[in-house]
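Trainee: Let's see this in three dimensions:
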Amino acid sequence: MRQEENERYEQWLQQVRKTQPILTRPDDLTRNILQKVARTPRKRKEHRKFMAWASAVAAGFLLCFMVHETVFYSVSSNAGTRDAVLNASPLYRRLSEWPADRNADMSLKEKSACLSEMWKARKAKQHGQKRLIHQFMSNNH
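Mentor: The predicted model follows:
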């Protein structure tokens with residue numbers, strides 16, 4: 001019985017596929033379809049544009065903040081390890097040590113060597129301060 005039902009269904013399906021629909025008013029049908037397509041809701045792209053713009057502005061501010069923190073504050077404290085802020089002076093104060101009177105007379109190699117020496121001295125001072133703080137902290141506990 002199941003096989004007979006399947007055969008009848010296949011015959012009916014073939015007949016439906018061969019039969020073309022009869023349209024009494026094709027222009028009305030076309031107009032009706034176009035009106036319904038025009039009435040379908042569409043996503044607003046303005047909302048996405050605003051969100052993209054706001055995200056770009058926020059990313060720019062975060063990037064500027066990160067660069068400012070990196071350039072002007074070299075070492076920060078960490079409360080978990082009890083490290084103190086070591087020599088967190090802004091970069092422009094550190095560059096005040098630069099010999100301005102010799103600036104025009106110095107070659108690029110001399111400027112590089114002078115900056116390198118300033119950097120080494122600063123790191124040595126930071127290392128000494130850090131060692132002193134850790135020694136002090138270990139003696140008090």
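Trainee: helices and strands of the protein: which one has the lowest mean pLDDT?
Mentor: Across the helices and strands of the chain, mean confidence by mean pLDDT, DSSP states H and E is lowest for helix 91-94: a mean of 52.
Trainee: for the protein, which helix is longest?
Mentor: helix 108-139 (DSSP state H).
Trainee: For that one, enumerate the helices and strands it packs against.
Mentor: Using 3 or more Cβ pairs under 8 Å, 6 or more residues apart in numbering; DSSP states H and E as the contact test, no helix or strand touches helix 108-139. In short, each C-beta sits where N, CA and C put it, glycine included.
Trainee: Give me the buried positions along that helix.
Mentor: Residues of helix 108-139 classed as buried under the neighbour-count rule (16 or more other Cβ atoms under 10 Å) are Cys114, Arg122.
Trainee: Now name the helix or strand holding the residue most central in space within the chain.
Mentor: The centroid of the chain falls nearest to Ala59 when counting by Cα atoms, centre = their mean (6.0 Å). Per DSSP states H and E, Ala59 falls inside helix 45-72.
Trainee: Which other helices and strands does that helix contact?
Mentor: helix 91-94.
Trainee: again, 6 Å this time
Mentor: With contacts taken as 3 or more Cβ pairs under 6 Å, 6 or more residues apart in numbering; DSSP states H and E, helix 45-72 sits against no other helix or strand.
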